[in-house]
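>>> 3D model of this:
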Amino acid sequence: MIPLSKRCAAELFGTFWLVLGGCGSAVLAAAYPDLGIGFAGVALAFGLTLLTMCYAIGNISGCHINPAVTFGLVAGGRFPVKELIPYVVSQVVGGILAGAVLYMIASGKAGFDATASGFASNGFGEHSPDGYSFSAAMVCELVMTGFFLFIIMGATHGRAPAGFAGIAIGFALTLIHLISIPVTNTSVNPARSTGVALFQGGWAVDQLWFFWIVPIVGGVIGALVYRFACAPSE
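You can find the predicted model right below:
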């Protein structure tokens, strides 16, 4: 059994990479004149960071790198509740460290303002990228996180094809972002939301509670649906 301390370290580094890669692509590359990667590029960046970490640390910590995933796996009977808090703390610390590094990089360009730019933060209402309401954002985050956990539960089941879980999970996160970036800038991950909101420092902090509660509830629902309605017998 790998010690909890090493598994938590893996979760910290994995979440760092997810936030730096995904949010970094949004902050540094998405709107670059003539060469910007756009929403599709940001979606792919998030998927690639998760896919790469699935194979880098999946054999160490399970590669949750997301509090909603950890809560969901506890509800789905795949993870011990006694290790939930250490995992979540490690994920949040990793996200904040990535936000700090991204802030230092972005600040190297004259005129950069994390508060004014939004700093890849998640929001609803007037802070939704395309003006979606609170209720629309809630439905979106609930459904997207629910299906994310459903896919994770299925792809990592003992009867699933071995060695392909990381591909399915990484592509699932890409698809989730392709759908929901215009709605909330896509959270489905409270650590990702926290890591940049603290540096945006304004409305993103005020709305951060939403991007903790809704993804966690969605993840728990998705895991429970898979566990009790769809999971094949061992």
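
>>> contacts, neighbours, all on C-alpha from now
Fine.

>>> and the residue nearest to G202 when sequence neighbours are not counted, what pLDDT?
Of all residues beyond its chain neighbours, the one nearest G202 is T115 (6.5 Å), with distances taken as C-alpha to C-alpha, 6 or more residues apart in numbering. Note on T115: pLDDT of 96.

>>> show me the contacts for T115.
F199, Q200, G201, G202 (C-alpha atoms under 8 Å, 6 or more residues apart in numbering).

>>> ok, F119 next?
C23, V27, V196, A197, F199, Q200.

>>> find the helix or strand that it is a member of.
F119 is part of no helix or strand, with elements assigned from DSSP states H and E.

>>> please report how far it lies from Q200.
6 Å (C-alpha to C-alpha, to the nearest Å).

>>> distance check, the spatially most central residue of the chain against I37.
By C-alpha atoms, centre = their mean, the mean C-alpha position of the chain lies nearest to N189, the distance being 3.5 Å. Distance, N189 to I37, by C-alpha to C-alpha: 22 Å.

>>> do the same with A116
Using C-alpha to C-alpha, A116 is found at 21 Å from I37.

>>> cool, L224 as well?
For L224 relative to I37 (C-alpha to C-alpha), the value is 36 Å.

>>> can you check I176 too?
Distance, I176 to I37, using C-alpha to C-alpha: 17 Å.

>>> with neighbour numbers in mind, choose between those two.
Legend: neighbour count by other C-alpha atoms under 10 Å for I176 and I37, higher for I176 (24 against 19).

>>> and that one, what does it touch?
A43, M144, F148, T186.

>>> from the contacts of T115, which would you call buried?
Among the contacts of T115, those classed as buried by neighbour count (16 or more other C-alpha atoms under 10 Å) are F199, Q200, G201.

>>> report the contact partners of the last one.
G201 makes contact with T115, according to C-alpha under 8 Å, 6+ apart.

>>> stretch 60-71 - what's its average pLDDT?
98.

>>> what are the buried residues along it?
Using 16+ other C-alpha under 10 Å as the test for burial, stretch 60-71 gives I60, S61, G62, C63, H64, I65, N66, P67, A68, V69, T70, F71.

>>> same thing with stretch 134-148?
Under 16+ other C-alpha under 10 Å, the buried positions of stretch 134-148 are F134, A137, M138, C140, E141, L142, V143, M144, T145, G146, F147, F148.

>>> repeat that for stretch 76-87.
G76, R78, Y87.

>>> can you tell me how far the last one sits from P182?
Look at Y87 and P182: by C-alpha to C-alpha, they are 30 Å apart.

>>> do the same with the second one
In this view, R78 and P182 are 32 Å apart by C-alpha to C-alpha.

>>> can you pull out the low-pLDDT segments for this structure?
Applying pLDDT under 70 to the chain flags the ranges 33-34, 233-234.

>>> contacting residues around L35?
A29.

>>> apologies, that question was intended for I60.
By C-alpha under 8 Å, 6+ apart, the neighbours of I60 are I2, K6, R7, A10.

>>> one more: G154?
A160, Y226, A231 are the contacts of G154 under C-alpha under 8 Å, 6+ apart.

>>> now swap in P67 and tell me
So P67 contacts Y87, V88, Q91, N189, P190, A191, I216 (C-alpha under 8 Å, 6+ apart).

>>> host element of the second one?
Okay, so that is V88. With DSSP H and E as criterion, V88 is part of helix 84-106.

>>> so which elements touch that helix?
When contacts are defined as 3 or more C-alpha pairs under 8 Å, 6 or more residues apart in numbering; DSSP states H and E, helix 84-106 sits against helix 4-24, helix 67-75, helix 190-200.
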